[in-house]
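Participant: Got a sequence here, can you model it:
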Amino acid sequence: MKISIVGTGYVGLVSGTCFADVGVNVTCVDIDEKKIENLKNGVIPIYEPGLESMVHNNIEKGRLFFTSNLKDSLEQTDVIFIAVGTPPDEDGSADLKYVLEVARQIGRYIDHYTVIVTKSTVPIGTAKKVKAAVTDELEKRGVNIDFDVASNPEFLKEGNAIQDFLKPDRIVVGTESERAEKMMSRLYKPFLLNGHPIIFMDIPSSEMTKYAANSMLATKISFMNDMANLCEIVGADITSVRKGIGSDGRIGNKFIYAGAGYGGSCFPKDVKAVIKTADDHGYKLRLLQAVEDVNNDQKHVLVAKIKEHFGTNLNGMTFALWGLSFKPKTDDMREAPALVLIEELNKLGAKVKAYDPVAMEEAQRMIGDTIEYGDDPYDVLIDADALVVITEWPEFRIPNFKVIEKLLKNKVIFDGRNIYDPAEIVENGFSYYSIGRGVMQP
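Facilitator: Next comes the predicted model:
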């Protein structure tokens, strides 16, 4: 079986590599010729554990190819996945210009029956627009070539994307024809051998499923952050509350951790997009608007705690920041809470020295020299006024508090992810600020 995947970003590259790993002949297409040449040489543009070695292996086995020529990639292709970016417009809606341009190019070049699949996260109704764009180009050519459009949203977690793809909780596919359903069933058969379900539905429902899933997860996070802020006011401990509600099978224990807000490429964008979709149809998603508002506010909580301890004049002070990416096991800094923290501290006259295991190169690309970068976690502590933890990388979980004490000017830790035991911190003589657990003083 032969497929093409247009777009070699996070979704496209992971999907293409995983399909190749189960024996599918995969061609990944991108208009960025430099990126394609790098990929041919095994240079990976993103950080994802295990991806680099898998790409190398499938290139060597002759199952994974890269090209900038979409027309050539479509020869004898059974399925074409559209996995290009859908960045948010100023009004929060997803920008479909790249998706529809790929659709038009497909319409110019296909010469046999093909299933065209939207893999990018796209608003409800996008498949109709893709179908219309392809049909329009076929009519311009004066040819009648059968094709089907399908929706196949991805549910990959950055940092665990390969396992998510190879061992999915579920595979969701929206189709309009039995022929397309059979083609997609055949393609995904290797992933179903261990009982993972493939769920077929109509296309609008498939498109909505992705937004509903991410919106639900974002809702859980904002709910816990709202509860955490209330816990601090009334003297409760959000960690205990989390354990209490997480043991309820109706609620579950996933995505109920309080922190400094969610970020990344999916949750912020998708929540905005589904709110905009509702607005366009005359309906207000009041709950999701609150989810977004709570999250935006939560990204300012750590600065509020810093000002609570040091006062509003931070001019000339230095803060050591552990973590830059929006979550561990990725270098992705899109919508990362660290960006808000850095911007606010800089505006208040403070200096930031940061360390992240993998995201510092990406940080330099995004914010340049607005901060200093350290060689290791302890390097950034030298002469800093306080430590701020904002990404829960495993290597930050059991630090040497004696070394921290020697390097910091003040024994103060702001923990934006609640990764430390307050009692242990206080025993070591630190003032400790976390999320939803109050202030702990030695």
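
Participant: What's the local residue count around Ser205?
Facilitator: 15 (other CB atoms under 10 Å). From N, CA and C alone the C-beta is placed, and that goes for glycine too.

Participant: Let me fix that, I meant to ask about Lys353.
Facilitator: Other residues near Lys353 number 18, with proximity taken as other CB under 10 Å.

Participant: Next up, the contacts around it.
Facilitator: When the contact criterion is CB atoms under 8 Å, 6 or more residues apart in numbering, the partners of Lys353 are 318-321, 371-374, 380, 384.

Participant: again, but for Gly374
Facilitator: Under the criterion of CB under 8 Å, 6+ apart, the contact partners of Gly374 comprise 320, 353-355, 380.

Participant: got CSV for those residues, with pLDDT and distance to Lys97 too?
Facilitator: Compiled in CSV, the contacts of Gly374 are given as follows (pLDDT from 0 to 100; distance: CB to CB, whole Å):
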residue, pLDDT, distance to Lys97
Ala320, 98, 42
Lys353, 98, 40
Ala354, 98, 35
Tyr355, 98, 38
Val380, 97, 41
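
Participant: Please name the nearest non-neighbouring residue to Ile198.
Facilitator: Excluding its sequence neighbours, the residue lying closest to Ile198 (CB to CB, 6 or more residues apart in numbering) is Ile171, at 4.3 Å.

Participant: what does Gly92 give?
Facilitator: Leaving aside its sequence neighbours, Gly92 sits nearest to Lys272 (CB to CB, 6+ apart; 3.7 Å).

Participant: and if you look at Thr86?
Facilitator: Ala94 (4.3 Å).

Participant: Hmm, that neighbour is touching Thr121, no?
Facilitator: Yes: with contact defined as CB atoms under 8 Å, Ala94 counts as touching Thr121 (7.2 Å).

Participant: how about the helices in the stretch 251-400 of the chain?
Facilitator: Counting by DSSP state H, counting those that start in this stretch, the stretch 251-400 of the chain has helices at residues 267-280, 286-298, 301-310, 337-347, 360-367.

Participant: and the gap between Gly429 and Ile435?
Facilitator: Gly429 sits 21 Å away from Ile435 when distances are taken as CB to CB, to the nearest Å.

Participant: Looking at these two now, which is surrounded by more residues?
Facilitator: For Gly429 versus Ile435, the count of surrounding residues by other CB under 10 Å is larger for Ile435: 26 against 11.

Participant: that older thread, burial of the residue nearest to Gly92, as a residue count?
Facilitator: If you count neighbours by other CB under 10 Å, Lys272 ends up with 19.

Participant: Equivalent analysis for the one 10 residues further on, please.
Facilitator: Neighbour count for Gly282, taken as other CB under 10 Å: 6.

Participant: Check Lys307 too.
Facilitator: The burial count assigned to Lys307 is 14, neighbours taken as other CB under 10 Å.

Participant: now do Lys329
Facilitator: Count around Lys329 with other CB under 10 Å applied: 19.

Participant: What of Arg250?
Facilitator: By other CB under 10 Å, the residues close to Arg250 number 5.

Participant: which ones are touching it?
Facilitator: Counting by CB under 8 Å, 6+ apart, Arg250 makes contact with nothing.

Participant: how close does it sit to Thr77?
Facilitator: Using CB to CB, we find Arg250 at a distance of 45 Å from Thr77.

Participant: thinking again about what came up before, tabulate the contacts of Lys353 in TSV, adding columns for distance to Asn69.
Facilitator: Putting the contacts of Lys353 into TSV (distance: CB to CB, whole Å) gives the following:
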residue	distance to Asn69
Thr318	51
Phe319	49
Ala320	48
Leu321	44
Ile371	41
Glu372	44
Tyr373	39
Gly374	43
Val380	46
Ala384	51
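
Participant: Out of these, the closest to Ile36 would be?
Facilitator: Tyr373 (29.9 Å; CB to CB).

Participant: before we move on, the earlier item: and the helices of the stretch 251-400 of the chain as JSON lines, adding distance to Met201?
Facilitator: Shown next, in JSON lines, are these (distance: least, CB to CB, whole Å):
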{"stretch": "helix 267-280", "distance to Met201": "18"}
{"stretch": "helix 286-298", "distance to Met201": "22"}
{"stretch": "helix 301-310", "distance to Met201": "39"}
{"stretch": "helix 337-347", "distance to Met201": "35"}
{"stretch": "helix 360-367", "distance to Met201": "36"}
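
Participant: Compare those and give me the one nearest Ile3.
Facilitator: Of all those, the one in closest proximity to Ile3, counting by CB to CB, is helix 267-280 (25.2 Å).

Participant: same for that closest one, what does it pack against?
Facilitator: Applying 3 or more CB pairs under 8 Å, 6 or more residues apart in numbering; DSSP states H and E, we find helix 267-280 packed against helix 203-234, helix 286-298.

Participant: Report the outermost residue of this protein with respect to its centre.
Facilitator: For the chain, the largest distance from the centre (CA atoms, centre = their mean) belongs to Gly142, which lies 41.8 Å off.

Participant: Spit out the contact partners of that one.
Facilitator: The neighbours of Gly142, taking CB under 8 Å, 6+ apart as the test, come to nothing; the list is empty.

Participant: now Thr330
Facilitator: Taking CB under 8 Å, 6+ apart, one finds 47-48, 158-159, 264, 358-359 in contact with Thr330.

Participant: Tell me the predicted confidence for it.
Facilitator: Thr330 carries a pLDDT value of 93.

Participant: Okay, it and Leu156: tell me how far apart.
Facilitator: Plainly put, Thr330 is 11 Å away from Leu156 if you go by CB to CB.

Participant: Same question for Asn400.
Facilitator: Counting by CB to CB - Asn400 and Leu156 are separated by 35 Å.

Participant: neighbour count winner among those two?
Facilitator: Leu156 (19 against 11).

Participant: Thought Tyr10 was touching the more buried one, still the case?
Facilitator: Yes: judged on CB under 8 Å, Leu156 makes contact with Tyr10 at a distance of 7.5 Å.

Participant: Noted, bye for now.
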